[in-house]
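In: dropping the sequence and predicted coords here.
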Amino acid sequence: MADGSWKGIVDRDAFVLRPSARHLSVEAYSDDHEAKSRLLKYLRASDDLKTIHARLSEDEVIARGISRVDGLRLVRIPSWECIVSYVIATNSNVKRISRMVDGVATRFGDIVHEELHSFPSWKQLREASVEELVGCGLGYRAKHIHALCRTIDDGVIDRMGALPYEELRRELRQLPGIGDKVADCVSLFGFGHLEAFPIDVWIERALKRLYGATGSYAKLRGFAARRFGEYAGYAQEYLYHNERRLYKDGRCAFSQV
């Protein structure tokens, strides 16, 4: 929004978030007394950033600029929404991804507040044909989403939520439209495994520029696991933000040692 605030849906609740220098004010359009707790879970408000920063500061590259990303947190997206959104996001840019996700929500989700729609459940999307999904701009991804709706239900989500990271990752990679990167994105943002380290072109650049690390996805993932450990997901977020900021305006928090 023009004033720097954000209005949107978290899970099935509508909120307006207004940030200030030290606080985040929240306006909720919901009578559900659990709405606030769902928002706090989404924002990972309980994460101990002090402990996370202390652990990541053992890395000399991260240590040099971690104070400049203070306050930047990961989010915890509802698992089903996260799976579908990241399959939709493959081989696309941010603007198109937003249009596709919004199109799916508007077409198949429920109106929550004014023009805002919830992300559709697997039951709602299961009613959609491939042609209807293509009509939301999904292109070839429509077949993957159509197949996912016939593969996943609440029981599958609950079972995957109980799996350790490596087992979850292997299972996710068996699903339609999910490869290495999407499996790590979903493990991190949809199931809360902070050791996951998604690798895209920006992270490849960051690892090469800052650490001289190159190679296959598996090799880079192993490098990140050894370097950043249990908080690799936070390191990824900081490195990604840093690389995008460097590309945009030449400023960055992290530089080579």
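Out: Sure thing, it's come through.

In: confirm that residue 37 sits in a helix.
Out: Yes - assignment of residue 37 by DSSP: H, G, I helix; E, B strand; the rest coil places it within a helix.

In: for residue 118, what are its contacts?
Out: Each residue near residue 118 by CB atoms under 8 Å, 6 or more residues apart in numbering is listed here: 9, 11, 12, 105, 109, 110, 112. Just so you know, the C-beta spots here come from the backbone N, C-alpha and C atoms, and that holds for glycine as well.

In: could you tell me whether the first one really is in a helix?
Out: Meaning residue 9. No - looking at residue 9 with three-state DSSP, it is strand, so not inside a helix.

In: starting at the chain centroid, how far to the helix or strand of the chain with the lowest mean pLDDT?
Out: Lowest on mean pLDDT, DSSP states H and E among the helices and strands of the chain sits strand 24-29, with a mean of 86. Chain-centre distance of strand 24-29: 22 Å, with CA atoms, centre = their mean, to the nearest Å.

In: could you do stretch 142-156 as well?
Out: With CA atoms, centre = their mean, you get 19 Å for stretch 142-156.

In: can I get it in CSV, CA atoms only?
Out: Extracted in CSV, the C-alpha atoms of stretch 142-156 (Å, rounded to 0.1, in the frame of the first residue of the first chain):
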residue,chain,number,x,y,z
ALA,A,142,-1.8,-26.6,-14.6
LYS,A,143,-1.2,-30.3,-15.1
HIS,A,144,1.1,-30.5,-12.0
ILE,A,145,-1.4,-28.7,-9.8
HIS,A,146,-4.3,-30.9,-11.1
ALA,A,147,-2.2,-34.0,-10.3
LEU,A,148,-1.2,-32.6,-6.8
CYS,A,149,-4.8,-32.3,-5.9
ARG,A,150,-5.3,-35.9,-6.5
THR,A,151,-2.2,-36.9,-4.6
ILE,A,152,-2.3,-34.8,-1.4
ASP,A,153,-5.0,-34.5,1.3
ASP,A,154,-5.0,-33.4,4.9
GLY,A,155,-3.7,-36.8,6.0
VAL,A,156,-0.7,-36.7,3.7
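
In: list the buried ones in that stretch?
Out: Using 16 or more other CB atoms under 10 Å as the test for burial, stretch 142-156 gives 142, 144, 145, 146, 148, 149, 152.
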